[in-house]
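**Student:** got a sequence here, can you build the structure:
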Amino acid sequence: MSRIVRDRSATAPVLLLEGPRGVGKSTLLREVASATDATVIDLDREDYLQLAHSSPSTLVGADLPVLIDEYQKAPLLLDAIKARLNQHTQAGMFVLAGSTSYESLPQGTQALTGRLQRLSVAPLTQTEIDGTDNDLIARAFDGDIQHRLAATATSRTEYVARVTRGGMPLALTQPTDPDRSRWFEAHVRQSIERDAGELRRIGRRSDLRDVLTRTVGQTASVLNISKVTQDVAPSWDTTSAYVELLEALFLVRRLPAWGTTVLPRSIEAPKIHVVDSGIGAHLLRLSPSKLRRLDPSALTEFGHLLESFVVQEAIRQSTWMHEPVTAGYWRTRDNVEVDLVLERYDGTVVAIEVKAGDHVKKAQISPLVALRDRLGPSFAAGITFYTGETGYQMDDRIHALPVDRLWT
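**Tutor:** Numbering: from 1, shown residues only. Sure thing, here's the model as predicted:
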């Protein structure tokens, strides 16, 4: 990620690192500071925050590059940055980091249009955790999917462990599952009681917590605000606003429908995914020990969480590619659905399905076959990830791969 930050800074006047609190944005800023002999202006510090409110031009007028952490605490800084850019613009002038999305800021969506490049800093992928430099998604766009004769060594128990621990760096340092659960609870509490309140007025924080839990309960499903509203106190409008707030805090993510302008009879409603599977498992009370008991309802929830886990892993790998890649899912009115569709800027598509079982039946790849037949040559590869042991080609440009091929 450090290399990507350096590369993007070399071409953009303003680089924005955005993602959940605690994923390493501040660490990346400190690395930039160390390499450039700059100072990180951390708006979590009261003295810097006061200066940002009283004299934003003083902060943004510092020697280049100007590095500002938690910039969203003082949105007026964006206007001051714009004023400095109007005087002179060059690459690498500002690197900002924030724990809320750019669109959620009151004046953020217009101030730096065309001059700011956003870089998502997400929870760690499994290949980052293991240090394996896996680039399966990039290779899939080139049709380069190789199959090994040896079976995977990853057991279902390890898959459960990886999904339930997620990729939040500080959560990974916790020595036991109970310690990790306490960390997740503190993280959720801070997001709801502190970060959410900085963005908008919250009536009862318990309502926001309920909306978060019910929304995570829909992970890997088409977002249904009405269903969430049935289970919680707020009105439909308030619940919808709360879901947008949770998305702005990078706790959940809407995956837009893909193909609505290309393929007929495609539905337009988004799916919802929890951003970190460890937080999702905590909110759904899916502990490794509970999943080992093979409770049917828990296994169903694990299947949905596994899909979110794989979707997020694949999307994060795609953001490392040099070419821009968009992500969505495809579903027709006849309920033919592909869990994830990644499209490169040149129109090349990689499609992904996720199955929690250890076998893939021929009928289960029919959605990938349908999409391949509709797209023709632009369909580079279709992959069904599953918890089985071997990878193999099931049809033309369609493969079954163990989930761990995303990091081994």
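**Student:** C-alpha from now on. contacts and neighbour counts both.
**Tutor:** OK.
**Student:** where exactly do the helices run in the stretch 201-350 of the chain?
**Tutor:** Using DSSP state H, counting those that start in this stretch, the helices of the stretch 201-350 of the chain run over 205-216, 225-231, 236-248, 277-283, 288-292, 296-319.
**Student:** now for the fifth one, which elements pack on it?
**Tutor:** Right, helix 288-292. Applying 3 or more C-alpha pairs under 8 Å, 6 or more residues apart in numbering; DSSP states H and E, one finds that helix 288-292 contacts helix 156-165, helix 296-319.
**Student:** among those helices, which is nearest Leu51?
**Tutor:** Each of those has some distance to Leu51 by C-alpha to C-alpha; the shortest is helix 296-319, at 34.6 Å.
**Student:** which elements pack onto the closest one?
**Tutor:** Helix 296-319 packs on helix 136-141, helix 156-165, helix 277-283, helix 288-292, strand 325-331, strand 337-344, strand 349-354, going by 3+ C-alpha pairs under 8 Å, 6+ apart.
**Student:** could you dump the ones you listed into JSON lines and include mean neighbour count and distance to Asp42?
**Tutor:** Formatted as JSON lines, those follow (neighbours: other C-alpha atoms under 10 Å; distance: least, C-alpha to C-alpha, whole Å):
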{"stretch": "helix 136-141", "mean neighbour count": "20", "distance to Asp42": "35"}
{"stretch": "helix 156-165", "mean neighbour count": "18", "distance to Asp42": "29"}
{"stretch": "helix 277-283", "mean neighbour count": "25", "distance to Asp42": "26"}
{"stretch": "helix 288-292", "mean neighbour count": "15", "distance to Asp42": "37"}
{"stretch": "strand 325-331", "mean neighbour count": "21", "distance to Asp42": "31"}
{"stretch": "strand 337-344", "mean neighbour count": "23", "distance to Asp42": "35"}
{"stretch": "strand 349-354", "mean neighbour count": "26", "distance to Asp42": "40"}
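**Student:** ok so, going back, out of the helices of the stretch 201-350 of the chain, nearest to Asp79?
**Tutor:** Distance to Asp79, taken as C-alpha to C-alpha, is lowest for helix 236-248 among these, at 20.9 Å.
**Student:** quick one on the thing from earlier: what's the most buried one of the helices of the stretch 201-350 of the chain?
**Tutor:** helix 277-283 (a mean of 25; mean count of other C-alpha atoms under 10 Å).
**Student:** ok now it, how far from the chain's centre?
**Tutor:** 14 Å (C-alpha atoms, centre = their mean, to the nearest Å).
**Student:** could you find the closest non-adjacent residue to His359?
**Tutor:** Using C-alpha to C-alpha, 6 or more residues apart in numbering and skipping the chain neighbours, the partner closest in space to His359 is Gly388 (5.9 Å).
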